[in-house]
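# Based on what follows, work out the 3D shape:
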Amino acid sequence: MEKKKIGLIFNINGPYRITRQAMSNTIERSNVDKKDMFYSAYKFLETGKGNPTERILKAYLKNLDSLNVEITQIKDTISQANSPIFVWTKPEYVSEDLKEIKTKYNLDYLFIVDGQFGIEFEKAGVFNGDKRTNIFLNNAFINLETNEVVSNFNVGNISNIKKKNILSPPNFPNIEKSMNDLLNDKVLPEIERKIKRKIVIP
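This is a model prediction of the structure:
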């Protein structure tokens, strides 16, 4: 039997400065400013061992591979027909783009992972609360026969950063440990669980 063909668009951006208001639990994301006292820590997350992108991508490839499919990594961008402001809104994609990708790569399915990572700062009124590493990934699995989003789900979590000597360049051990814990204990197992549960290939 011929293996089904899946295209994977993997797009993770970061590191961002993420601010969580403790009272309202609202989250704001901003780009990092050079004057930010955590600037060198962001640089470590961008360029150093702290960058989670490769490890996340590997986890997706490994878990998709276990579905016995043929995977093609794709760099093309797909326009969203709606921009879901609320994360629980099902994304819709422009069908012309989907048709084009289906033909170009000869695919049965498309899996789009859109994510971000960064350092989260909790604000409780005038006080600065905990600092955490943060990863959030939006996932959409599309059947290219029908252009329907057959499954969409989020993967994401946070992990506290130990406060003592939080900024100790050049290796930022606390931030590295927090990112490793976040990946190994939370995000990577969740990717595995959700792919097993949510991605069904008939």
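# quick one: strands adjacent to the helix or strand of the chain with the lowest mean pLDDT?
Across the helices and strands of the chain, mean confidence by mean pLDDT, DSSP states H and E is lowest for strand 27-30: a mean of 89. Note on strand 27-30: by DSSP bridges, its sheet partners are strand 5-21 (antiparallel).
# number of nearby residues for Lys163?
When neighbours are defined as other Cβ atoms under 10 Å, Lys163 has 9 of them. In this view, the C-beta of every residue, glycine as well, is placed from N, C-alpha and C.
# In space, what's closest to it - neighbours in sequence excluded?
Using Cβ to Cβ, 6 or more residues apart in numbering and skipping the chain neighbours, the partner closest in space to Lys163 is Lys131 (7.2 Å).
# residues touching Ala140, list them.
In this structure, Ala140 makes contact with 91, 93, 111-112, 114, 149, 151-152, judged by Cβ atoms under 8 Å, 6 or more residues apart in numbering.
# 7 Å instead?
Ala140 sits next to 91, 112, 149, 152 when contact means Cβ atoms under 7 Å, 6 or more residues apart in numbering.
# Neighbour-wise, which one of the residues you listed leads?
Highest neighbour count within the contacts of Ala140: Ile112, with 22 neighbours (other Cβ under 10 Å).
# Test of understanding: give the bridge partners of Gln80.
In this entry, Gln80 is beta-bridged to Tyr93, by DSSP bridges.
# which residues sit against the longest helix along the chain?
As far as residue count goes, and with DSSP state H defining each element, the longest helix of the chain is helix 53-65. Contacting residues not belonging to helix 53-65 are listed as 6, 8, 10, 12, 71, 113, 183, 187-188, 191-192, 195 [Cβ under 7 Å, 6+ apart].
# at 8 Å what do you get?
For helix 53-65, using Cβ under 8 Å, 6+ apart, the contacting residues are 6, 8, 10, 12, 71, 111, 113, 115, 117, 135, 137, 183, 187-188, 191-192, 195-196, 199.
# With stretch 167-182 instead?
Residues outside stretch 167-182 that contact it (Cβ under 8 Å, 6+ apart) are 37-38, 40-41, 44-45, 48-50, 52, 119, 132-135, 157-166.
# if we go to 10 Å?
15, 37-45, 48-52, 55, 117, 119, 131-135, 156-166, 187-188 (Cβ atoms under 10 Å, 6 or more residues apart in numbering).
# related to what we said a few turns ago, the residue nearest to Lys163 and Met1, how far apart?
Taking Cβ to Cβ, to the nearest Å as the criterion, Lys131 is separated from Met1 by 50 Å.
# next one: Ser66
Computed as Cβ to Cβ, the Ser66 to Met1 distance reads 17 Å.
# do you know how far Glu70 is from Thr146?
20 Å.
# quick one, which of the two is more surrounded?
Ranked by neighbour count (other Cβ under 10 Å), Glu70 and Thr146 place Glu70 first, with 15 against 10.
# wait, that one sits on Ile201?
No: the pair Glu70 / Ile201 is not scored as a contact, 11.2 Å apart, by Cβ atoms under 10 Å.
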